[in-house]
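Colleague: predicted model, plus sequence, below.
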Amino acid sequence: DSGVTQTPKHLITATGQRVTLRCSPRSGDLSVYWYQQSLDQGLQFLIQYYNGEERAKGNILERFSAQQFPDLHSELNLSSLELGDSALYFCASSVAKSGNTIYFGEGSWLTVV
Amino acid sequence: AQTVTQSQPEMSVQEAETVTLSCTYDTSESDYYLFWYKQPPSRQMILVIRQEAYKQQNATENRFSVNFQKAAKSFSLKISDSQLGDAAMYFCAYENSGYALNFGKGTSLLVTP
């Protein structure tokens, strides 16, 4: 158990819909990361927050947004869903902005039908 | 973006034997961090080993060790005394203060009895 909690574990939704994935980082960790893992794209970095502020942005679509709340939990919002958004979405956390070990949650499986 | 390349999509090793997984990366930075993560069929991302670029000594964790060649920008993972439980996808990853953790496409390791 990494200490990073993600909900829901599985989600099936229709195209055009909107979903929210939730992440609670390990106790004491200030950084939260979101990654997308699809079959043909490997692990793609989406976005990082550090202590409530956006720190780094990767290949995140405009239809996707995220935030980190004062209690340090984070949410990833995916809207206008397309079939190609079906993937495993990982949240990860670490103590600092960079350099420290990054611990991953078990992921949220999103299936868009 | 910093590029991480894993040139071996699949590798196979017999139980109790040694296998080396290759990883190269592209960076102009002198200070950075390198990681190997393991992803078993459960899809959980598990840290195997971490290397700080300023340290010349190669990192070791039990049966796992790395060969870090900074000038060559190479970071290979050696697994000694391979076990059936080592079968997984292995990802090499790079991070520095300006970039979040960036993964290679992975190497699938098969362990045969």
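Modeller: Received, thanks. Numbers count the residues shown, from 1 in each chain, chains lettered A, B, ... in the order given.

Colleague: when you work out contacts or count neighbours from here on, use the C-alpha atoms and nothing else.
Modeller: Will do.

Colleague: show me which residues of chain A sit near chain B.
Modeller: Proximity of chain A to chain B, by C-alpha under 8 Å from any C-alpha of the partner chain, involves residues A:41-45, A:48, A:56, A:97-99, A:101, A:103-107.

Colleague: narrow the residues you listed to those that are buried.
Modeller: A:43-45, A:48, A:56, A:97-99, A:101, A:103-107 (16 or more other C-alpha atoms under 10 Å in any protein chain shown).

Colleague: in chain A, where is pLDDT below threshold?
Modeller: A:40-41 (pLDDT under 70).

Colleague: ok, 90 please
Modeller: Across chain A, the ranges flagged by pLDDT under 90 are A:1-2, A:39-42, A:59, A:96-101.

Colleague: tell me which parts of chain B are close to chain A?
Modeller: So chain B meets chain A at B:32-33, B:43-47, B:50, B:95-97, B:99-106 (C-alpha under 8 Å from any C-alpha).

Colleague: buried ones among those?
Modeller: Buried subset of those (neighbour count, 16+ other C-alpha under 10 Å): B:32-33, B:44-47, B:50, B:95-96, B:99-106.

Colleague: which non-adjacent residue is nearest the residue positioned nearest the centre of chain B?
Modeller: Residue closest to the mean C-alpha point of chain B, counted by C-alpha atoms, centre = their mean, is B:Trp36 at 3.5 Å. Distance criterion C-alpha to C-alpha, 6 or more residues apart in numbering or on different chains; nearest residue to B:Trp36, sequence neighbours excluded, is B:Cys92 at 4.6 Å.

Colleague: name the element the one you found belongs to?
Modeller: strand B:88-96 (DSSP states H and E).

Colleague: how about B:Val13?
Modeller: strand B:10-14.

Colleague: rewinding a little: tabulate the buried ones among the residues of chain A next to chain B in a markdown table, adding columns for secondary structure and distance to A:Gln6.
Modeller: Shown next, in a markdown table, are those (DSSP: H, G, I helix; E, B strand; the rest coil; distance: C-alpha to C-alpha, whole Å):
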| residue | secondary structure | distance to A:Gln6 |
| --- | --- | --- |
| A:Leu43 | strand | 17 |
| A:Gln44 | strand | 18 |
| A:Phe45 | strand | 17 |
| A:Gln48 | strand | 16 |
| A:Ala56 | strand | 21 |
| A:Lys97 | coil | 21 |
| A:Ser98 | coil | 21 |
| A:Gly99 | coil | 23 |
| A:Thr101 | coil | 18 |
| A:Tyr103 | strand | 12 |
| A:Phe104 | strand | 9 |
| A:Gly105 | coil | 6 |
| A:Glu106 | coil | 7 |
| A:Gly107 | coil | 6 |
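
Colleague: can I assume A:Lys57 is in contact with A:Gln44?
Modeller: No: between A:Lys57 and A:Gln44 there is no contact under C-alpha atoms under 8 Å: 11.0 Å.

Colleague: what's the weakest-modelled helix or strand in chain B?
Modeller: Sorting the helices and strands of chain B by mean pLDDT, DSSP states H and E puts strand B:99-103 at the bottom, at a mean of 84.

Colleague: strand partners (parallel or antiparallel) of that strand?
Modeller: Under the criterion DSSP bridges, strand B:99-103 sits next to strand B:88-96 (antiparallel) in its sheet.

Colleague: list the contacts for B:Pro41?
Modeller: Residues counted as contacts of B:Pro41 (C-alpha atoms under 8 Å, 6 or more residues apart in numbering or on different chains) are B:Ala88.
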